[in-house]
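# need coordinates for the following:
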Amino acid sequence: MAFIQMHDVIKIYEEPRTGLQIPALRGVELSIKEGELVCIIGPSGSGKSTLLKLLGGLDKPSSGSITVAGKRVDKMSEEQLTEYRRYDVGFLWQFPERNLLPILTALENIELPMKIAGFPREQRRRRSLELLDRIGLKDRSTHRLHQLSGGEAQRISLAVALANDPQVVLCDEPTGELDTKSTMEIISFMRELNQEYSKTIVVVTHDMRFEQRSDRAFRILDGMISGVRQAIKNHAASEGKVSIVDAPPEREELIYVDQFGNLRIPKHFLQETGIKNYVRIHVEGNKIVITRADD
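Here you go, the predicted structure:
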């Protein structure tokens, strides 16, 4: 059974002035295993941030079901959602100002979620120091936000997300404001912490560098999951052994087929084959063969 499951999830927003209904998600189907590090890649406006908010219990779907660790998130009351966000999920946002309070030190920021959750002071301090040490920033424990580089702030923000030992960490464009070096450090720490703490990590991003370092990379377009790229079976990556310094594993591309038989062929395949409007299609054994037919 999938650890995270979204079934036929639709989210429609209403434009307050005109009453116009705008679909953000159009029947999302998504299945994620426990302990996976996956990314959901798509352009601005594709629905990826909306999807993350629904997984995190920050918004509710218009229809469809969302299950995380056996819990129906879409059926939770406001009180249950508060508990869910406090204990079951951690959040890492794009801007450090949303992750860290500028008036608190790095250590105090990591302790804050545990303090709100009611953990004893000694336990809070011990876990905070452990996390700071794990991300290599123990010497920054007394530094505030303005004293940290962008990469350091995001690494501490990752520690904040892990503070209450959640089952799932949700990341929204976590490297959007970072340079290349800091970006690769964050991706590396995510992979290492994913493996060390067995956390399920979901990253929504437009940064293609996440694709090569994740277990699976889902493509989202126009509010629907259109496909997924994953390490080829039996490769080291499928066993959770990918390192940031390893050569990227060989990957295969899968395309989602909806209940009506529709699928979206990736643009680079269309460009490589010269396909425009029509294709020829026939069956060879257990294969469906698609060839250009615009001539």
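# okay, buried residues for stretch 163-180 please.
Buried residues in stretch 163-180, counted by 16 or more other Cβ atoms under 10 Å: 163-164, 166-175, 178. From N, CA and C alone the C-beta is placed, and that goes for glycine too.
# in strands, which of those residues appear?
Counting by DSSP state E, the buried residues of stretch 163-180 place 168-172 in strands.
# just for the stretch 1-150 of the chain, where's the confidence low?
1 (pLDDT under 70).
# got the residue ranges for the helices in it?
Counting by DSSP state H, counting those that start in this stretch, the stretch 1-150 of the chain has helices at residues 48-55, 78-83, 96-99, 106-117, 121-134, 150-162.
# is Asn109 in contact with Leu100, as I believe?
Yes. At 4.8 Å, Asn109 and Leu100 qualify as touching, with contact defined as Cβ atoms under 8 Å.
# from Phe91, how far out is Glu79?
19 Å (Cβ to Cβ, to the nearest Å).
# comparing these two, which residue is more hemmed in?
Legend: neighbour count by other Cβ atoms under 10 Å for Glu79 and Phe91, higher for Phe91 (21 against 8).
# hey, what's the more buried one bridged with?
Leu170 (DSSP bridges).
# which residues touch it?
The contact partners of Phe91, taken as Cβ atoms under 8 Å, 6 or more residues apart in numbering, are 56, 85, 99, 161, 169-172.
# 10 Å instead?
52-53, 56, 58, 85, 98-99, 113, 157, 160-161, 166, 168-172 (Cβ atoms under 10 Å, 6 or more residues apart in numbering).
# tell me, how many residues neighbour Asp8?
15.
# give the contact list for it.
Contacts of Asp8 by Cβ under 10 Å, 6+ apart are 25-29, 61, 63-65, 258-259.
# swap in Ala217?
38-41, 203, 205, 208, 210-211, 227-231, 251, 253.
# got a quick PyMOL command for the buried subset of those?
Selection of buried members from those for PyMOL, criterion 16+ other Cβ under 10 Å:
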select buried, resi 38+39+40+41+203+205+210+211+227+228+229+230+231+251
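# before we move on, back to that, from the contacts of Asp8, list the buried ones, please.
Buried among the contacts of Asp8 (16+ other Cβ under 10 Å): 25, 27-28, 61, 64.
# okay, Glu284: pLDDT?
In this model, Glu284 is scored at 88, pLDDT.
# same check, this time on Ser238
41.
# can you start the count at 146 instead of 1 from here on
Sounds good: first residue 146 from here, last item Ser383.
# so which elements touch the helix ranked longest in the chain?
Using DSSP state H to define each element, the chain has its longest helix at helix 325-342. On a contact count with 3 or more Cβ pairs under 10 Å, 6 or more residues apart in numbering; DSSP states H and E, helix 325-342 meets strand 182-186, helix 266-279, helix 295-307, strand 313-317, strand 345-350.
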